[in-house]
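Chemist: Okay, sequence plus prediction incoming.
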Protein chains: 4
Amino acid sequence: MIAGRRSEQGDDCVDANSGELQPNTEAGKRFVAIVAQHRDAFRERAPAHDEAASFPAENIDDLKASGGMAVFVPEELGGLGLASIHDWIVGLERMARADASTAIAVTMHYGVTRNLAGAWRAAVERGDEAAAQGPAGMLRAIAAGELVFCATATEAGTDFLRPQTTAEASAEGWSINGRKFFVTMSPIADLAVVGLRVREAGEEDKIGFAFIPMETPGLLPQDDWDALGMRASGSQSVVFADCRVPRESIQIAGEWGRWNPGILMGRTIGNVTLVAVFLGIAERARELALAGAQAATKTKLDGALASASGVQHLLGEIDIELAAARAVLGEAARRLDAALAEPGGGRPSLEVAHGHMRDYQAAKWTVNQSAIRIVSRAMDVQGGTAFMGHNELSRLYRDVRAGPFMQPFSPTETHEYVGQVALGLYPEG
Amino acid sequence: MIAGRRSEQGDDCVDANSGELQPNTEAGKRFVAIVAQHRDAFRERAPAHDEAASFPAENIDDLKASGGMAVFVPEELGGLGLASIHDWIVGLERMARADASTAIAVTMHYGVTRNLAGAWRAAVERGDEAAAQGPAGMLRAIAAGELVFCATATEAGTDFLRPQTTAEASAEGWSINGRKFFVTMSPIADLAVVGLRVREAGEEDKIGFAFIPMETPGLLPQDDWDALGMRASGSQSVVFADCRVPRESIQIAGEWGRWNPGILMGRTIGNVTLVAVFLGIAERARELALAGAQAATKTKLDGALASASGVQHLLGEIDIELAAARAVLGEAARRLDAALAEPGGGRPSLEVAHGHMRDYQAAKWTVNQSAIRIVSRAMDVQGGTAFMGHNELSRLYRDVRAGPFMQPFSPTETHEYVGQVALGLYPEG
Amino acid sequence: MIAGRRSEQGDDCVDANSGELQPNTEAGKRFVAIVAQHRDAFRERAPAHDEAASFPAENIDDLKASGGMAVFVPEELGGLGLASIHDWIVGLERMARADASTAIAVTMHYGVTRNLAGAWRAAVERGDEAAAQGPAGMLRAIAAGELVFCATATEAGTDFLRPQTTAEASAEGWSINGRKFFVTMSPIADLAVVGLRVREAGEEDKIGFAFIPMETPGLLPQDDWDALGMRASGSQSVVFADCRVPRESIQIAGEWGRWNPGILMGRTIGNVTLVAVFLGIAERARELALAGAQAATKTKLDGALASASGVQHLLGEIDIELAAARAVLGEAARRLDAALAEPGGGRPSLEVAHGHMRDYQAAKWTVNQSAIRIVSRAMDVQGGTAFMGHNELSRLYRDVRAGPFMQPFSPTETHEYVGQVALGLYPEG
Amino acid sequence: MIAGRRSEQGDDCVDANSGELQPNTEAGKRFVAIVAQHRDAFRERAPAHDEAASFPAENIDDLKASGGMAVFVPEELGGLGLASIHDWIVGLERMARADASTAIAVTMHYGVTRNLAGAWRAAVERGDEAAAQGPAGMLRAIAAGELVFCATATEAGTDFLRPQTTAEASAEGWSINGRKFFVTMSPIADLAVVGLRVREAGEEDKIGFAFIPMETPGLLPQDDWDALGMRASGSQSVVFADCRVPRESIQIAGEWGRWNPGILMGRTIGNVTLVAVFLGIAERARELALAGAQAATKTKLDGALASASGVQHLLGEIDIELAAARAVLGEAARRLDAALAEPGGGRPSLEVAHGHMRDYQAAKWTVNQSAIRIVSRAMDVQGGTAFMGHNELSRLYRDVRAGPFMQPFSPTETHEYVGQVALGLYPEG
């Protein structure tokens, strides 16, 4: 019943027939090509950094050299000029197949870069040279490999909308106090973007974002990253102890504890791309399962593991789940790209913004839960060897579990939120 | 925590923010608009036909009048000129929300029409007037509402590739004997397209398709359709008892019992669209669940059912599954449209053809299983009233179960097949 | 790899090796034996009653004749003397394999009988002849086939704890007004046990139960049962329009809208047994799937469907789910039997009573969801014939969906309730 | 709606109302009590051994001192006299809550002890003093803390029935060559029980078991255990290089590569108990989730995490799955105990033996898959802190993944095997 024919697919080359996500734009294709050229080096370095929980600074150096840190820098300023969120996702997914920690580390940098590029382009388009200058300088520095961002999203016992790290207004500017967790890539970043509760006398608390150089006094990296997975992501905690920044460092995003369209869109765009990392882990697990099934033999089968109906069944389960995971993430991104391409697309109504957040949450849930199952099934295909500490699948098993923790909406909140959006009962905060 | 704001969505209007599939092409939009204009009538007629297991001929009359039976007829020949498989799916999905039986009934007619349109266009493009004439005539008849097709795909105890209904060559043509099940829309069709085992002396058996007018002697409709669901689809069985057709009525598709690229693509295109019907049932169940949650009150809640966290949770489960179901089906269709738009796209390699079949199988599994769960969850939201015989959800519960039976690859075969494709171990037959 | 050996199991005989639930007590074994003797007759009558939505009164007559309506009547009073809830479940499970509608119909009668037997035995044990007399008379009438109960549990828009059907105190007794749905077996019952909101001047509303002869004026059966499934269960609605009953007809169970240990235990014992009906449907679906796989052949396989790895896989999924479903229900029942066997076991603390309700909810969820999936998988094994209206699996598919609607705690409430019990945050009502 | 009442349950005390497995026999209760007394010490030692992948020899010393290594040694010979497989499972489940690695390490020792006790009792019962002597000596040594067993079950590329580690007959006895993986507890064991392909001139290969002192020349522990989880289980590989043992060291179990009732029962009894370890991990995850939800607060909730409906929902999912997991494992064990209590119960027919193996596989699948999901959900409840390397849940997440690898029948084989047993198509090997 089964022909002898076998595809030529290697253990991790991109197989056009497999259904994996493909870039839509030229810049996206270049991004994917850049990632491909780093793949072997990243993959080779991954085990040692995972073991030591050390940050792979050499990966970032490679990305600086190849233009891979400047994917969202406009071409005019020396970058790749990427615009598509869909293709951002495709590139990250591919990077995660080589090293998920590196992929998750660079995402926030990309997000901040993209916002700067947007600010620059808007200023240029309305002819406001002054307003363009700041972003242009930063974007050129990024292209030159001189500026890397990290961003903070998480605190203990609270959520993204209700940061407890507080900026109090003072005569000279702001004094910031608090503690941020999971400050990914902070060990080598130059500048941190920090979500804050902004407090001024006589006003309601605001939510704001500060751009703070990492060497600022009172910004105290804790060098305490030692986690189950994503161990090479440099996600240490950072303490702010009377960290003083000038008044213009902080941009206000809205009321503290309350959704608005801007915050919803910012969180959606910045975080839906993280989902790509977990899709990439699933894709890599699939590659390893296929390679394992083709390489291994079993006495009982008198031949390759791949000939066993139960193995084929399990691989079928993987590919069916993967098809849905790819599609739902690709579609959420495509809808964002389409919306942003329309006039005013970046400033939708609250309802539409919740619709995009809902798309992100649906994609996040589907991809994360599928990815967790897919990695587990890939281990089932490989058998006991997948349980060894040095086995790549056992690292993927640890890395993939980071997915559900991503902000905002924890797995205890996702379903009710999505149901509320369906009912038009949008949560205020 | 929940704002009082509530969306204006009615119980079944299309909500642009909901994430449902949208047509990509102008012809697709017209198709969707035509379906929209029939919605209320179809929905109103559905319960009685479901009760009586009778075919809603008046729905087909309406579609003839509105151009809805001629969606694939080229504009030059009086039709809508639809080309996109994606948009075919969108239109069917919307039709299924009104009446799933009607949607599943017209699908095969659309598929045959589409093939004729392809044959006509190819002949015109190569300037072969003679070859264009036959298709042109049929296409004009379709546009005039004078020609409706049904198609046969199923027999007992065998599969699509191995029909036992046999055409034996004779001096005057062919004599056909056998029995076909699930011959949807046959009560009102003019012409049946019949899959056959074609037998000629001294040759290996072939698989072929015959175009046979329904009034042909020896073609014996059994008027025996009385099923759990899809009761208004007219899916009676048809017996062939020495049914004689001329030699030119049969087109050979390949060897009996053996996949080839043409058969794979034909089955994929013809049947992936059926999946849309089950997505449509799920969409309708969602509409009813939302409407129910918004309308119902409960003593315990002292208010609307929609305010209950458990109801929101369940609606969230529905929408998350639905997002993946929509995306995976939309993506499979988009990939087909993209492939067919390339030169030679309709005649791919065996590997690529299996890739499309795999996409279809992944979409079929995901959508069918999700749709079954979604209808069941919608019943959970509505509560005991959903169990009443006159309740629309109880009809959807019966209709939705038809999905897994669709050809080819039963739920006992799907996973192994998808796994084999992943391994490059393509089944021969 | 597969030996030729084949078990001798018929299509529905009890297979000791299969893992199905077995009675623990002698009375339980007799109950199961009684059910076995009715199996073929019940099964034969089922399709016609399903078609007509008529009540199979002849099944009840058979049960009266065989002692099957008197399983909980003490042996001293002419019954079977069953005490074990576990074995009650086993007997019902077997009855449901023959006809689920009949099994669900008799359950409430059994529950009421069991309560009467408990009251009688308690009175006898404390030597209170007067108190024993009433129950003894009813129990003897049951044993004589002269008394059949039905019970009401459901109203629209409210739950079990908050009935809106109200008994207002009057000079002569009570006047009852309201409407009950799903009054199973009411077409042939002699006496209805009716849950009520009991209202007396100057007091908080109570929840109470009335014993009302079916012929009482103002008790108006609606003859309106026409549902998706369980069509032969006689679950019509009953209207109460100034239905007057004497003062002693009503027993008070506690405060309206508020859980107490007695109500919790009553609901648990009365309703956990209903779960057995859905387990029985799943068991029957398994029998049909096995028989189908053994009997059917397929051209592609060149032999029995049972030899296909995908069919074996699906049957394996069925049996793994079934093992858990049987075990969780059997264990919940065993824990109830053990608790009731202890002194004071019938009057536990609120915490312990919630623990039993939690066990019931866990069993209900597991069994119902598994049973729905198992029936669906059995249809996958049988193929398209399972979709025919006359096919037994298509009836099981309709019947099995009744499970999630059973009282109390709908599928929108189950998980939160179970979580609250785990947290010790018991809901008050 | 939620009362303020809160249960007194501590973070891991046994809660009689929770539904967890309870011992049935007096010896079982003593076993559970012994485990309870070690709980805190084991739990305290676990993190360091997990970190270092070192074996907790001090735990075994504690168990020797408390009688916990002699649970299956008959009371007459100084042990606990445990007989029930069910209670063996309960004790292991509780031990796994303290340290899963230790629990999985001692299981094989218990299994061998149990077999010796059976041999001793049989000899005593038939009055065969000579045959009783050997087992009695070993059992006394176990009770004295002087004898600890390990056992081998796994090799690369083959399964339990087809070992490649071979004993070749020689003049003085046997020469053994090969490599065993996952030889749990071997770092401190005194004697290894080794599954072998036994080869004698002129005969079919047999499957046999050798008792080999760990210090035997040619038995070469590899000190190479460094795995994802169960890192303190000492599951190094062991090489056999011309390891010579006397002729009487090997007991023949049957033909190589072929099931027989004895091997089926041996594998079932020896391995179903391993499932208890993974149930224990799930129970511990539940304890931590509950404790986390009760202790944590969240700004958004303005109170305890436990008050969030989404948290309650997730805890409900945990408890519903746990109820089924406990029940299916408890029931499989109870059925084994019941069968073994009958005359000839230890030597059933092949069909019945496959029935017990099927029960084990159903329990294994249900418990392992549930346990994996439960640990993951517990992490969702705790939030990001559960992802930290020092967090107990992150160790449970690693440990729990060992479950599916347990012998025999991998997750690629389980469903087909269970389906074959249902069909009576028993695999020969």
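Modeler: Done, it's in. Numbers count the residues shown, from 1 in each chain, chains lettered A, B, ... in the order given.

Chemist: Kindly give the local confidence score, pLDDT, for A:Gly346.
Modeler: At A:Gly346, the model reports a pLDDT of 80.

Chemist: Tell me how many other residues crowd it.
Modeler: Applying other Cβ atoms under 10 Å in any protein chain shown, we find 16 residues neighbouring A:Gly346. C-beta here means a position set from N, CA and C on the backbone, and glycine is covered the same way.

Chemist: Please apply the same query to the one 3 residues further on.
Modeler: Using other Cβ under 10 Å, A:Ser349 has 11 neighbouring residues.

Chemist: got the residue ranges for the strands in the stretch 101-250 of chain A?
Modeler: Using DSSP state E, counting those that start in this stretch, the strands found in the stretch 101-250 of chain A span residues A:149-152, A:166-169, A:173-180, A:191-199, A:206-213, A:219-221, A:238-246, A:250-255.

Chemist: Can you redo the ones you listed as CSV, where the extra columns are distance to C:Gly292?
Modeler: Shown next, in CSV, are the strands of the stretch 101-250 of chain A (distance: least, Cβ to Cβ, whole Å):
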stretch, distance to C:Gly292
strand A:149-152, 58
strand A:166-169, 68
strand A:173-180, 60
strand A:191-199, 60
strand A:206-213, 61
strand A:219-221, 65
strand A:238-246, 63
strand A:250-255, 61
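
Chemist: With respect to B:Ala156, which of those strands lies nearest?
Modeler: Minimum separation from B:Ala156 across those (Cβ to Cβ) falls at strand A:149-152, 62.0 Å.

Chemist: contacts for that closest one?
Modeler: Contact with strand A:149-152 is made by A:108-109, A:111-113, A:165, A:180, A:182-186, A:189-195, A:214, A:238, A:270, as judged by Cβ atoms under 8 Å, 6 or more residues apart in numbering or on different chains.

Chemist: neighbouring strands for that strand, and are they parallel or not?
Modeler: strand A:191-199 (parallel) (DSSP bridges).

Chemist: per-residue pLDDT, the spatially closest residue to A:Thr385 that is not a sequence neighbour?
Modeler: Of all residues not flanking A:Thr385 in the chain, A:Asn391 sits nearest, at 6.0 Å (Cβ to Cβ, 6 or more residues apart in numbering or on different chains). The model reports A:Asn391 with a pLDDT of 97.

Chemist: Ok, A:Leu301 next?
Modeler: Per-residue pLDDT puts A:Leu301 at 88.

Chemist: for the one 5 residues further on, same thing?
Modeler: The predicted structure scores A:Ala306 at 96 on the pLDDT scale.

Chemist: ok, now A:Cys13?
Modeler: According to the prediction, A:Cys13 has pLDDT 43.

Chemist: picking up where we left off before, among the contacts of strand A:149-152, which ones are buried?
Modeler: Neighbour counting with 16 or more other Cβ atoms under 10 Å in any protein chain shown marks A:108-109, A:111-113, A:165, A:180, A:182-186, A:189, A:191-195, A:214, A:238, A:270 as buried within these.

Chemist: Pick out the residue in chain A sitting closest to chain C.
Modeler: Chain A approaches chain C most closely through A:Ser309 (3.6 Å), counting by Cβ to the nearest Cβ.

Chemist: hang on, isn't that residue packed against C:Ser309?
Modeler: Yes - using Cβ atoms under 8 Å, A:Ser309 is in contact with C:Ser309, at 3.6 Å.

Chemist: shared neighbours, those two?
Modeler: Common contact partners of A:Ser309 and C:Ser309 (Cβ under 8 Å, 6+ apart): B:Glu416, D:Glu416.

Chemist: State the distance from A:Gln369 to C:Gly316.
Modeler: Distance, A:Gln369 to C:Gly316, using Cβ to Cβ, to the nearest Å: 23 Å.

Chemist: For these two, indicate the residue with more neighbours.
Modeler: Neighbour count, other Cβ under 10 Å: between A:Gln369 and C:Gly316, C:Gly316 has more, with 26 against 19.

Chemist: what angle do the strand or helix carrying the more buried one and helix A:309-341 make?
Modeler: According to DSSP states H and E, C:Gly316 maps onto helix C:309-341. If you take axes from the mean of the first three to the mean of the last three Cα atoms, to 10 degrees, helix C:309-341 sits at 90 degrees to helix A:309-341.

Chemist: pLDDT on the next helix or strand after helix C:309-341, on average?
Modeler: Counting by DSSP H and E, the next helix or strand C-terminal to helix C:309-341 is helix C:350-382. Mean per-residue pLDDT for helix C:350-382: 97.
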